[in-house]
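**Q** just the structure for this:
(2 chains)
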Amino acid sequence: MTIDREKLLDIYTRTMRVARFDEKMRSLLMSGKLATIYYTMRGQELVTSAMMAALNQDDYLVTTYRGQHDQIAKGVPLDLLIAEIAGRVTGTCKGKGGSMHITHPATGVMVTTGVVGSGLPIANGLALSSQNRKDGKVTVTCFGDGATNIGAFHEAMNMAQLYKLPVIFLCQNNRYGEHTAFADHTKVDSIVTRAAAYGMKGVKVDGNDAVAMYQVAKEAVDRARAGEGPTLIEAMCYRMMGHFFGADFSYMPPEHIEEMKAEDPLPKLNALMLEHQFQQTELDAIVAGLEAELEAAVEFAFASAYPDADEIRKDVFEEEIAA
Amino acid sequence: MSDAATLDAKSEKKAKVKQITVVQGLNAAIDEAMAADEGVILLGEDVGAKQGGGVFKVSSGLSEKYGDHRIRATPISEQAIMGACVGAALAGMRPIAEIMLMNFVTVAMDQIVNHAAKLRFMSGGQTNVPMVIRTTTGVGVGFGGQHSDMLEAWFAHVPGLKIVTPSNAADAKGLMRSAIECNDPVIFIENILCYGLKSDDPGVDYRVPLGKAAIAREGTDVTLITYGRTVLDALEVAETLDGEGVSVEVIDLRTIAPYDEATVTASVRKTGRAVVLHEAVRAYGTGAEIASRLHEALFNELKAPVQRIGGAFSAVPMASVLEQAWIPNKDEIAGAIRTTMEWKR
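**A** Numbers count the residues shown, from 1 in each chain, chains lettered A, B, ... in the order given. Below you'll find the predicted structure:
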């Protein structure tokens, strides 16, 4: 399989923007400059970057609390995102949503849910609107392996295939549902086998292989746009840290930790870039540019005001609630 | 009750005006809204022509007219129905989710409570969920514990949801049209026993505003506040008590939440006495909220404490004798009114 250099560079840039963001967030949390719940995506940066590189900006995304990589890869500006996570009025959602509820329709990020599995039925609705309006948009919904045992997953998969909706179910199989290993929560070997139960096309792919992941993503997007229906993608990856930042993950066996270190997508992607005749200096310059963007975003966020208390009465309904 | 709606017989006028049932009123409102706006769609079990236009025939004739892509018959998958409506609404459509019976909303609570109700707020107003959740229920037909509940209090407790229920065909039509046009999620509760009730047809493009109660009957001694099917009982009891010299004002809330506090408070300020009646279980019901608000607003003016009447604290029973014992009856309503009339400080 091959990939053109421009697309590869696009994937690299998205991946590194996610990676630099994540490292910065963890450092802000460690130092106490930021105090909030944060679900790190360390290890899953590449999967989503390759997926989002196959989409247009106005395509829809529905993701989960562990979704900052999905949002950044989709294009949510870092300054608005960090301001939101820091609870500032300049954030995407005026500080009313936080990291688990990022919404940014300008980049197609329609819902981020804190409830496992709930995004899939909603993604169907967005896709249904595109089908009725013939607007050509594709909806992607991201979730983990842990979400595939909740009823909403099965109801949504069946309905999506029944209506041939332009939706892509991207399961980022990071091999853990919260603290429980895949084999301890699911009896089938692969999530993708479940696609057959709904007559749906399913593809399993190494999510840490940029070329393979992009090809699978592109094919699913093309199918959806052509009206050929949904695809379930099972992208294998690793969650390289605990369930949420600061959480213990000593339950991961040492051999699993060794295995995931060997499969770390960041060094793998760097090596791939060099194979494709990019120079390390060129890549370092991109990362330096991302660092500058990130520093400015953090500065913007922390310089921003907190929301006024009267925001509580706004956005409950269209009309403001009387004081 | 709305101007156009009449439950009691005004027989000499009635003969000349076209009558519609609640089912016809709902059907017409959805039909008119679908004709006016491509974004109005309906998802639910059995709603298409192939399935006979719905178990209660509310969507009869609509899939023939607007196509299967707008009247979508669904699998029995309430979470998927509700989620699809949430998603379509986020994209700017105006979906209607038909959840055949109110007890089945329990399987879709996550989509209603965590998503439909909260997404406007959690997104800081960037998105909104203009959807209607149509559902029916009712005590008195022997459907038993899982097909009869009125669950409006659960939803009234959730910020972000509006809850509407009509007591007659004209309001059914006018409230449905307003619910579809509302930019926030509306739970629209229908009552199986009311589907056949007739009103004068209020005509095309008729709307009853959300959040506005109706004075269904004027009176001076006591205010009886209710909504849905029990409005019929309330009006009957009011007539009976009129013969005893007690003048009962009946308020049909029509919108349960947000509650029309201005209309209700003004009425009770006038009468000095209030009884709240609903079919739902009395304990922790909407009657408790209404009574509490009346006590807060009018403590010094009330001539008696606000009385509450509602269903018994058990599952709705099947056997007719038990079901009738469960549901608030007219004697209870009259009794509660007499209690407020005879109250001595």
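**Q** and after the helix or strand of chain B with the lowest mean pLDDT, which helix or strand comes next?
**A** Lowest by mean pLDDT, DSSP states H and E among the helices and strands of chain B is helix B:11-14, with a mean of 50. The element immediately downstream of helix B:11-14 (helix or strand, assigned by DSSP states H and E) is strand B:19-21.
**Q** each with direction, which strands does that next one pair with?
**A** strand B:198-200 (antiparallel) (DSSP bridges).
**Q** can you name the next helix or strand after the partner strand?
**A** Where DSSP H and E defines the elements, the next helix or strand beyond strand B:198-200 is strand B:214-217.
**Q** put the alpha carbons of the next helix or strand after that next one into PDB.
**A** Next helix or strand after strand B:214-217 toward the C-terminus (DSSP H and E): strand B:222-226. The C-alpha trace of strand B:222-226 is given here as PDB (Å, rounded to 0.1, in the frame of the first residue of the first chain):
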ATOM      1  CA  VAL B 222     -61.800  27.000  44.500                       C
ATOM      2  CA  THR B 223     -59.300  26.300  41.700                       C
ATOM      3  CA  LEU B 224     -59.000  22.800  40.400                       C
ATOM      4  CA  ILE B 225     -55.700  22.400  38.600                       C
ATOM      5  CA  THR B 226     -55.100  19.500  36.300                       C
END
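**Q** so which elements touch strand B:222-226?
**A** With contacts defined as 3 or more CB pairs under 8 Å, 6 or more residues apart in numbering or on different chains; DSSP states H and E, strand B:222-226 has these neighbours: helix B:230-242, strand B:248-252, helix B:261-271, strand B:274-281, helix B:330-342. Backbone N, C-alpha and C define where each C-beta goes, glycine included.
**Q** give me the number of residues near residue 109?
**A** Went with chain A since none was named. Other residues near A:Val109 come to 26 when the count uses other CB atoms under 10 Å in any protein chain shown.
**Q** switch to chain B, please.
**A** B:Met109, neighbours per other CB under 10 Å, totals 16.
**Q** for it, what is the enclosing helix or strand?
**A** helix B:109.
**Q** and the helices and strands packed on strand B:222-226: which comes nearest A:Gly146?
**A** A:Gly146 lies closest, by CB to CB, to one member of the helices and strands packed on strand B:222-226: strand B:274-281, at 36.3 Å.
**Q** coming back round to it: what mean pLDDT does the helix holding B:Met109 get?
**A** The average of the pLDDT scores along helix B:109 is 98.
**Q** now the element after that helix, going C-ward?
**A** Following helix B:109 toward the C-terminus (DSSP H and E): helix B:119-122.
**Q** near chain A at all, that following helix?
**A** Yes: applying CB under 8 Å from any CB of the partner chain, one finds helix B:119-122 touching chain A at B:Leu119, B:Arg120, B:Phe121, B:Met122.
**Q** got those residues as CSV, with pLDDT columns?
**A** Below are those laid out as CSV (pLDDT from 0 to 100):
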residue, pLDDT
B:Leu119, 98
B:Arg120, 98
B:Phe121, 98
B:Met122, 98
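**Q** ends of stretch A:241-260, what's the gap?
**A** 10 Å (CA to CA, to the nearest Å).
**Q** and it, what's its mean pLDDT?
**A** So the average pLDDT for stretch A:241-260 ends up being 89.
**Q** around the residue lying closest to B:Ala91 once chain neighbours are set aside, count how many other residues there are.
**A** Closest residue to B:Ala91 apart from its sequence neighbours, by CB to CB, 6 or more residues apart in numbering or on different chains: A:Ser129 at 3.6 Å. With neighbours defined by other CB under 10 Å, the count for A:Ser129 comes to 25.
**Q** likewise B:Thr265?
**A** 17.
**Q** so who does it touch?
**A** B:Thr265 is in contact with B:Arg293, B:Leu294, B:Ala297, B:Leu298, counting by CB atoms under 8 Å, 6 or more residues apart in numbering or on different chains.
**Q** taking those residues one by one, which sit in helices?
**A** Among those, the members found in helices (DSSP state H) are B:Arg293, B:Leu294, B:Ala297, B:Leu298.
**Q** these two touch, right, A:Glu234 and A:Val205?
**A** Yes: if you go by CB atoms under 8 Å, A:Glu234 and A:Val205 touch, sitting 7.2 Å apart.
**Q** scan chain A for its longest helix.
**A** Chain A, longest helix under DSSP H: helix A:5-31.
**Q** which other helices and strands contact that one?
**A** Using 3+ CB pairs under 8 Å, 6+ apart, helix A:5-31 is in contact with helix A:45-52, helix A:68-74, helix A:78-85, helix A:210-225, helix A:265-275, helix A:280-303.
**Q** next, the angle helix A:210-225 makes with it.
**A** 100 degrees (axes from the mean of the first three to the mean of the last three CA atoms, to 10 degrees).
**Q** quick check: residues of the stretch 1-150 of chain A near chain B?
**A** A:60, A:62, A:91-97, A:101, A:103-105, A:110-111, A:113-115, A:118, A:120-133, A:139.
**Q** show the buried residues in the residues you listed.
**A** Restricting the residues of the stretch 1-150 of chain A next to chain B to buried positions leaves A:60, A:62, A:91-97, A:101, A:103-104, A:110-111, A:113-115, A:118, A:120-132, A:139, with burial counted as 16 or more other CB atoms under 10 Å in any protein chain shown.
**Q** is chain A contacted by whichever strand or helix holds B:Glu289?
**A** Counting by DSSP H and E, the element that carries B:Glu289 is helix B:286-298. No: using CB under 8 Å from any CB, helix B:286-298 never reaches chain A; the gap is at least 13.8 Å.
**Q** next SSE downstream of that helix?
**A** strand B:307-311.
**Q** helix, strand or coil for the residue of the stretch 151-300 of chain B found nearest chain A?
**A** In the stretch 151-300 of chain B, the residue that lies nearest chain A is B:Asn183 (4.5 Å; CB to the nearest CB). Here B:Asn183 is recorded as coil under DSSP: H, G, I helix; E, B strand; the rest coil.
**Q** doesn't B:Met131 make contact with it?
**A** No: the pair B:Asn183 / B:Met131 is not scored as a contact, 10.0 Å apart, by CB under 8 Å.
**Q** surely B:Thr136 is within a strand?
**A** Yes: assigned with three-state DSSP, B:Thr136 falls within a strand.
**Q** how about it, nearest residue that isn't a chain neighbour?
**A** B:Glu190 is the one closest to B:Thr136 (CB to CB, 6+ apart), at 4.0 Å.
**Q** pretty sure that neighbour contacts B:Gly25?
**A** No: the pair B:Glu190 / B:Gly25 is not scored as a contact, 10.4 Å apart, by CB under 8 Å.
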